[in-house]
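J.: Fold the following, please.
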Amino acid sequence: MVPFVFTKKICISVCLGLILIGVSNSEAQLTLVVDSLDVSQLPLVRTKVRVLNNGSAVGGITFHDFLLYENGTLIDSLSGYCEDTLQNEALSILMIIDKSGSMRNAIESAKLAARNFVDRLSASDEMSLVSFTDRISNDQDWTYDKNLMKSKIDQLQVPFFGGGTALWDAIYFGAGRLIGRTKKKVMIVLTDGQDTDSQRSYNDALTAIRNANIIVYTIGLGQDIETTLLTNLARSTGGKYYNAPTVAQLEQIYAEISKEITSTGICELRYTSKINCLNGSTVQLFIIVDVPSYGTASQTVSFRLPLDTSSYSYVTLSIRPDYVVEGGKEITLPVELTRVSTNRPPSQFDLHIRFDRSAINLTSVQATVLSAGASIFETPEANGSFITMTNVQPIRTTGDLITLTFSTQSQFYSTQVSLQLDEATVNQPCTEKVLKQGMVTISGSCERSVIRSNNPSIPSRTEILPNVPNPFNPSTIVRYTTARNGFVTLKVYDVIGREVKTLVQLEQKPGAYEVYFDGSAMANGVYFARLQVSDETALRRILLVK
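T.: A predicted model of the protein is given here:
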C-alpha cells in the first residue's frame, strides 16, 4: 500500500481538530479499534489496533498508513508492523449471560453453546463469567482453566420465581472487571429481553466500555430485544451485534465470534515517548489511519503515567530574611537560586514578587553573572511586581539569579516588610519549585523596629512580658524574651482569632527584645499577642482603649 504522503501536512490543522477527511467510497464505514495499550516498559509505548470496514478487517495496510499524536505532538519515529493474519493473540474474555425468567426455556441451549465456545479458546486466553437477572452475579473470577469455566456455566440456573433484567448494570459491572486487564479485552453479552431493572443507563454502560477499551459482541435472543442499542454498543467498540431468532442459532453465532476475536487486520504501533517526567498525569494518544479507497478513521486512547519523584527536577528560589535599611534609602538585594537540577535546566523564570508598595518600591531589576545576557522585564502590580527573565543558555549552577533594587519610604517608627516569592514558573515541565520569602526591616528615625535589650544575660524562658503602656492608645511597646536560637514570629490577633498584625518574623538569637506596635488603625477592644519560637509559644492579653 502506498503511504499517505500528504497526511502529515494536513493533519496539523485538520486531524488535531478531530475533523476527519470524508471517505471516497460511500458504502465504506471505516473504523479504528484499539485492542490493547502496553506502557509497562516506558518510555516504550506499544498499542495494537485493528482497521475495520463495516465490521470486517481490512488487510494490506502497513504502519506507514498511521499517524500518532502524544498529547498533541506528532510522533515522528513511529514503527511497528501489520499482519493480515494474527492467530492466537492472548485474550481476556468476559462472558455475560442473561438468566432472567424469560430465559427458562433457552438456558440449557445457551449454556451448551457457551461451553463449546470455551473449548475453542486457546491456552493463553483468560476467562471470567458474569450472569444477571435483576441482580448481578460474579460467577467466576479470571481463570485459564477451561473445565472450571465450563462447570460454572453448567451451574447457571434461572430462578424459580423468575427475575427481572438488569442488562446495563451487568455490562457496567463487566467493564469494571475488564478495565485492569492487560490483554486484548473482549466482552460477549447474551440477553433475551429489554432492560427492566438497571440502576445504570445505556449511556453509563457505553461510557464504561469505552473507557476500558473493550471490544463488545452482543447477542439478542428472540424478538423482545433492544436491537438498536445493542447494535450501537457493539459497533462503537469494534465488535458486532448478532440476532438469534431462536436458540438454534446460538452455536453458530458463538463460532463466528470465536473467529472474529482472532481475526485479521491487526497492527502493532510502537514509539519511544518523549515524556521524561513520571508525575502520575494522564497521557492522551490520538491515532489516525488513512486507507485508499476507504478513507480515514481515528481513535483516542489514554494511559496514566506512574508516579516516580526521582524523575523530577527542582528549583529553589529565595530571598534571605535579614536585611536592614535606613528609611528613605535604597537597598539592593539578590534573588538566590539555591537549588537547580541539571537534568532539565531552566532558561526562563517568571516570578511574582509581592511586597507593600506603601513602604518600598522596586526601582530596577538587574542581571547577575549567572544570568548575564538575559532579557529581563518587570511589570508593576498593585501588590508587587511580575518579573520575567529569559536566558540564552539554560542555567545549571546555583548563585544569585537577579538583583532587586528598592527605594524605601522615610519612617518615624521602624517597619518590617516581607518580600514574598510566589507563583514562580520555569520553562521546564515536571519541575518542583520551592520559594522562600525574605524580610526587610526599614529603620525609623525614632527607633528600630526590633531593639535588643541592654541586658546581656540569656533569658531562661521564651515569653511575652507586659507591654508598656497597657491599656494603650494608640501605640505600645511589646516586650518579649527568647531562650534559644530560632525563627521568631510575633503576631497580634483579635478576640475571635483573626490575625490583625505581624510584628516580628525573622531569625533571632536568645535575648530580650522590644517591638513597637501601632494600633491607630484598629478598633477598641481586647487583643492577644502570640509569640512563637520554633515549637515554643507564648500568649499575652493586651487592651486598646481610644
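J.: From now on I want contacts and neighbour counts done on CA atoms only, so please keep to that.
T.: Will do.
J.: For the protein, give me the ranges with low pLDDT.
T.: The chain contains residues with pLDDT under 70 at 1-28, 83-89, 162, 262-265, 411-414, 423, 435, 439, 441-457.
J.: all strands for the stretch 101-250 of the chain, in order.
T.: For the stretch 101-250 of the chain, the strands defined by DSSP state E, counting those that start in this stretch cover 126-132, 136-143, 184-191, 215-221, 241-244.
J.: what would the ones you listed look like in CSV with distance to residue 383 and mean neighbour count?
T.: Shown next, in CSV, are the strands of the stretch 101-250 of the chain (distance: least, CA to CA, whole Å; neighbours: other CA atoms under 10 Å):
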stretch, distance to residue 383, mean neighbour count
strand 126-132, 62, 23
strand 136-143, 60, 16
strand 184-191, 56, 23
strand 215-221, 57, 25
strand 241-244, 64, 20
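J.: could these be laid out in JSON lines, adding distance to residue 536?
T.: Shown next, in JSON lines, are these (distance: least, CA to CA, whole Å):
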{"stretch": "strand 126-132", "distance to residue 536": "61"}
{"stretch": "strand 136-143", "distance to residue 536": "57"}
{"stretch": "strand 184-191", "distance to residue 536": "60"}
{"stretch": "strand 215-221", "distance to residue 536": "63"}
{"stretch": "strand 241-244", "distance to residue 536": "72"}
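J.: Let me see the contact set for the residue lying closest to residue 380 once chain neighbours are set aside.
T.: Closest residue to residue 380 apart from its sequence neighbours, by CA to CA, 6 or more residues apart in numbering: residue 386 at 6.4 Å. The neighbours of residue 386, taking CA atoms under 8 Å, 6 or more residues apart in numbering as the test, are 350-353, 378-380.
J.: Direction included, what does the one helix or strand residue 386 maps to pair against?
T.: Assessed by DSSP states H and E, residue 386 sits inside strand 384-390. Strand pairing for strand 384-390, determined by DSSP bridges: strand 348-354 (antiparallel), strand 375-381 (antiparallel).
J.: Compare those strands and give me the one nearest residue 399.
T.: Comparison of those against residue 399 by CA to CA identifies strand 348-354 as nearest, at 14.4 Å.
J.: circling back: and the strand holding residue 386, how far out from the chain middle?
T.: 28 Å (CA atoms, centre = their mean, to the nearest Å).
J.: which residues does residue 57 form a beta bridge with?
T.: Beta-bridge partners recorded for residue 57 (DSSP bridges): residue 52.
J.: re earlier: nearest to residue 394, out of the strands of the stretch 101-250 of the chain?
T.: That would be strand 184-191 among the strands of the stretch 101-250 of the chain, by CA to CA, at 44.4 Å.
J.: Residues touching that closest one, excluding its own?
T.: 35-36, 89-98, 167, 171, 174, 178, 213-221, 225, 261.
J.: Show me what counts as buried in the biggest helix by length in the chain.
T.: Ranked by residue count and defined by DSSP state H, the top helix of the chain is helix 107-120. Neighbour-count burial for helix 107-120 flags 107-111, 113-115, 117-118 (criterion: 16 or more other CA atoms under 10 Å).
J.: Which residue would you name as the spatial centre of the chain?
T.: Closest residue to the average C-alpha location of the chain: residue 281 at 3.8 Å, with CA atoms, centre = their mean.
J.: In this structure that one contacts residue 302, no?
T.: No. Counting by CA atoms under 8 Å, residue 281 does not reach residue 302; the two are 10.4 Å apart.
J.: Would you mind splitting the protein into its domains for me?
T.: Listed domain ranges for the chain are 7-85+264-304, 91-260, 313-443, 450-544 (source: automatic domain parsing).
J.: Now do the contacts for residue 518.
T.: Residue 518 touches 474-476, counting by CA under 8 Å, 6+ apart.
J.: Identify the bridge partners of it.
T.: Going by DSSP bridges, residue 518 forms beta bridges with residue 475.
J.: what does residue 362 give?
T.: Applying DSSP bridges, one finds that residue 362 bridges with residue 406.
J.: and it, how many neighbours does it have?
T.: 20 (other CA atoms under 10 Å).
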